[in-house]
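Let me see the structure of the following:
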Amino acid sequence: MRKTVLVQAIACALISGAAHAAVKLEDKTFNTAANMLAYTEFELSGEPLAEALGLDLDVLDANRADEPTPFDFAAGIESYEYSEEAMYALNYQSGMGPHLVNGPQNLARGGTMASLGQRVLAMADAVGFPADEVPQGMYPLSLPYASANPVFAQAVNATPVNGDQITIKTAKGTEKTVKTQVPAYFRDYSTLRWSGSDNLLVPAAVGGILLKEVMWSQDFLGGMHVAETDEEVEAASATMDQDGKHKLGVSAADGFNGMMLTEQSIDKLAIMQNQLGFDGKQLGAKITPQYDPAKGVVYFPHQVKVTETSNNDAGAIGKLEVVDGSAQLRDAWMMLWPLSEFYAFSDQRSANTNQNPAFHAVFDGAPFAAAPAANKTNDLGKAVAGSDAFSLAINLSNLTFKNLAALHFDTKAGTLVDSWQAGKQGKHVTTFDAAYALVALQIFQRAQDALPVGYAAGDNGELNLKTKQGQEALDLIRKQADFILANLKGKNGLVHDGITLGGKLDAGHSIDAQFAAIRGLTAAFLATSDAKYRTAARELFIATDKAYFNAKAGTWLAGKQGEYTPWTQAAISGALRSAMLNLRNEGAEKAPELELAKLTGQYVSWFRGTVNGGMQMAEWIGDSGENIIEGAGSDTDEDGVPQVTAAGGKHGTAMVMAAKAVVSE
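Numbering: from 1, shown residues only. As a prediction, this is how the structure comes out:
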């Protein structure tokens, strides 16, 4: 990437006073599925995007706002770090779900807090992380509830513990040397519990946090490090961590989080496999790798109510009750994507010669169980259900993929429909979900065929395997993408929000639908290499930009104002990244809407105006540029996002996004 040209172009675009949207929050509820999808897109549109466009990540400094460019900082620091912080807010601090101490893995170890403590120490040792640096007061979740109130339930312990003298440059250009403070809550999470939740288990919500976990786990555990110096090194073999010199994880601290997140991922998959399979009559239906929906459907129902009990002074799953027994497409694709990522992460198939040795080392028996021999053959007919990571991934990704096709795909119309219940498919197609299903199917195909996923999901890679399910996924991708092009595009060049099969198109052309379709069509292009999908995505981006980009607000609005949710933010982030990496002008292409400098400028104005402008309700201290400085107020980096203790509510609010906002000029 021509960084000098990009720097100059962005500077010119922003020099005359930045456009800035007005954001009014309407609902501060935390929606797990929507938030975690948005934060996954933010993660991918963070460091990986900035690096792909030529940034040396080593030059980023959270305390030097807008350096080396506003785009690099917005992507490489703000988007990326918000995405990580929110995951920890939910998974380690909120208390909004059953505790890992009462989950299936710890129950097998004795079911006590002491047995969980021993497990945490073993994982810390595997990555060389000092036991005395493990945060106190953690409340690691097995799986989260669907929605919650992220306002803190009690006074937060912000007592200063220590600090450092640093030099900062704020978002407003203020440069000064300051003495920071580290509050007690930074190392002890016990006062950071949230105020309440709906106690509903929804597959899309479980999939949302699983997606965040596995994306970060692949990042954190994708290499090894020298134990003595903490220096990251590439894994030369799967036994390198046994040489006395190296440890798992790209660093000790990152490795520890990778361990914790993987432990949590396995717990939720075990609960899904053993307790949440539904045959239309009761939960706990048996799931095997030989699952065939034609012989009896088993699926994950849309809503299951948990009556939570207490054990080990922490939440545990008590009674489970199905309150909505339908199968929803949004649940299916939001489970299939992370299950496919987890499949690739934990893949132990002997035929997969592409697997990262660092991942093999994680799942070689210690610290995580290896798969049985039957599950390394790449033959579902011989595979067995198991409690290890790869066996769970095999079993649940197979079930979810087969149900996507059997329950949701209308073969006559050639599209996935929104819902299925009691043997009957619905007739409505929602564009957002049909489009994002393309993303999930692309990752599923790549995982099955042993192509890179995670941050490298846009790379061609070396085709290692050509599996039956991979080919079936490609066939579904083509049919679904073709349906979108043939049936959902309007005369104005925009896509409709949906269609009722045999009936009418939905009247709306929402911003959510446009950007989701751009994201999905780009995924179809990457999966099939069929240029017609890239052309269609380019045309849709151009039409969307012309119809909706509001220069005064610096973002996309239908008129002078519009409703934004985390779903909106997810789709915009994903589509902008698609545009920068895959749709931008090349060769003779001259569309002004797809010039890279214009896209990076829009990224900055959209992110700063709508995310920093109000939807991101708080930020953690440290990695995203916020510091606690005595007498300096609660937004010391002057980016518009307050510290958690000053973010509204009696005691403050967690570092997550609001459920709904009105964005206007």
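
C-alpha only now, for contacts and for neighbours.
Will do.

Can you list the buried residues in the longest strand out of those in the chain?
Longest among the strand segments of the chain by residue count, using DSSP state E, is strand 314-324. Within strand 314-324, the residues that qualify as buried by neighbour count (16 or more other Cα atoms under 10 Å) are 314-317, 320-322.

CA-only coordinates of it in CSV, if you can.
Only the C-alpha atoms of strand 314-324 are listed here, as CSV (Å, rounded to 0.1, in the frame of the first residue of the first chain):
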residue,chain,number,x,y,z
ALA,A,314,-22.2,-18.8,41.4
GLY,A,315,-24.9,-19.3,38.8
ALA,A,316,-25.7,-22.7,37.5
ILE,A,317,-28.2,-24.0,34.9
GLY,A,318,-31.3,-25.3,36.7
LYS,A,319,-34.5,-25.9,34.8
LEU,A,320,-34.5,-25.4,31.0
GLU,A,321,-37.8,-24.6,29.2
VAL,A,322,-38.4,-24.0,25.5
VAL,A,323,-40.3,-20.8,25.1
ASP,A,324,-39.9,-20.5,21.3
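
which residues are in contact with that strand?
For strand 314-324, the surrounding residues in contact (Cα atoms under 8 Å, 6 or more residues apart in numbering) are 97-99, 101-103, 283, 301-310.

Mind checking which of those are in strands?
Residues of the contacts of strand 314-324 located in strands (DSSP E): 303-310.

Please check the residues you listed and keep the buried ones.
Buried members of those, scored by 16+ other Cα under 10 Å, are 303-306, 308.

would JSON lines of those with pLDDT and distance to Ile443 be doable?
Below are those laid out as JSON lines (pLDDT from 0 to 100; distance: Cα to Cα, whole Å):
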{"residue": "Gln303", "pLDDT": "98", "distance to Ile443": "25"}
{"residue": "Val304", "pLDDT": "98", "distance to Ile443": "27"}
{"residue": "Lys305", "pLDDT": "98", "distance to Ile443": "30"}
{"residue": "Val306", "pLDDT": "98", "distance to Ile443": "31"}
{"residue": "Glu308", "pLDDT": "97", "distance to Ile443": "34"}
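
now, which of those sits nearest Asp27?
Set against Asp27, the nearest of those by Cα to Cα is Gln303 (21.5 Å).

ok, now which ones touch the closest one?
With Cα under 8 Å, 6+ apart, Gln303 has these contacts: 200-203, 322-325.

how about a cut-off of 7 Å?
Contacts of Gln303 were listed using Cα atoms under 7 Å, 6 or more residues apart in numbering, and they are 200-202, 322-325.

Lys402: how many residues sit nearby?
Counted with other Cα atoms under 10 Å, the neighbours of Lys402 add up to 20.

Repeat that for Gly423.
Neighbours of Gly423 using other Cα under 10 Å come to 10.

which residues in the stretch 51-200 of the chain form helices?
Using DSSP state H, counting those that start in this stretch, the helices found in the stretch 51-200 of the chain span residues 70-73, 80-88, 104-108, 113-127.

And for the stretch 551-665 of the chain?
Secondary structure of the stretch 551-665 of the chain (DSSP H, counting those that start in this stretch): helices at 566-578, 596-606.

Output those helices in JSON lines, with distance to Lys466 and mean neighbour count appended to each entry.
As requested, the helices of the stretch 551-665 of the chain are exported to JSON lines (distance: least, Cα to Cα, whole Å; neighbours: other Cα atoms under 10 Å):
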{"stretch": "helix 566-578", "distance to Lys466": "26", "mean neighbour count": "25"}
{"stretch": "helix 596-606", "distance to Lys466": "35", "mean neighbour count": "22"}
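
and the gap between Met580 and Gly601?
Distance of Met580 to Gly601, computed by Cα to Cα, to the nearest Å: 11 Å.

what's the answer for Glu341, then?
Applying Cα to Cα, the value for Glu341 to Gly601 is 31 Å.

So, low pLDDT: which residues of the stretch 451-600 of the chain?
Along the stretch 451-600 of the chain, segments meeting pLDDT under 70 span 461.

and if we set it to 90?
Confidence mapping of the stretch 451-600 of the chain against pLDDT under 90 gives the ranges 456-465, 559.

quick one: the strands in it?
498-500, 549-550, 555-556, 561-564 (DSSP state E, counting those that start in this stretch).

Just name whatever secondary elements the last one is in contact with.
For strand 561-564, the elements it packs on are strand 660-664, judged by 3 or more Cα pairs under 7 Å, 6 or more residues apart in numbering; DSSP states H and E.

Name the residues that touch the strand it packs on?
So strand 660-664 is contacted by 21-28, 553, 560-565, 615 (Cα under 7 Å, 6+ apart).

give me that answer again for 8 Å
Residues from elsewhere that reach strand 660-664, judged by Cα under 8 Å, 6+ apart: 21-28, 553, 557, 560-566, 610, 615.
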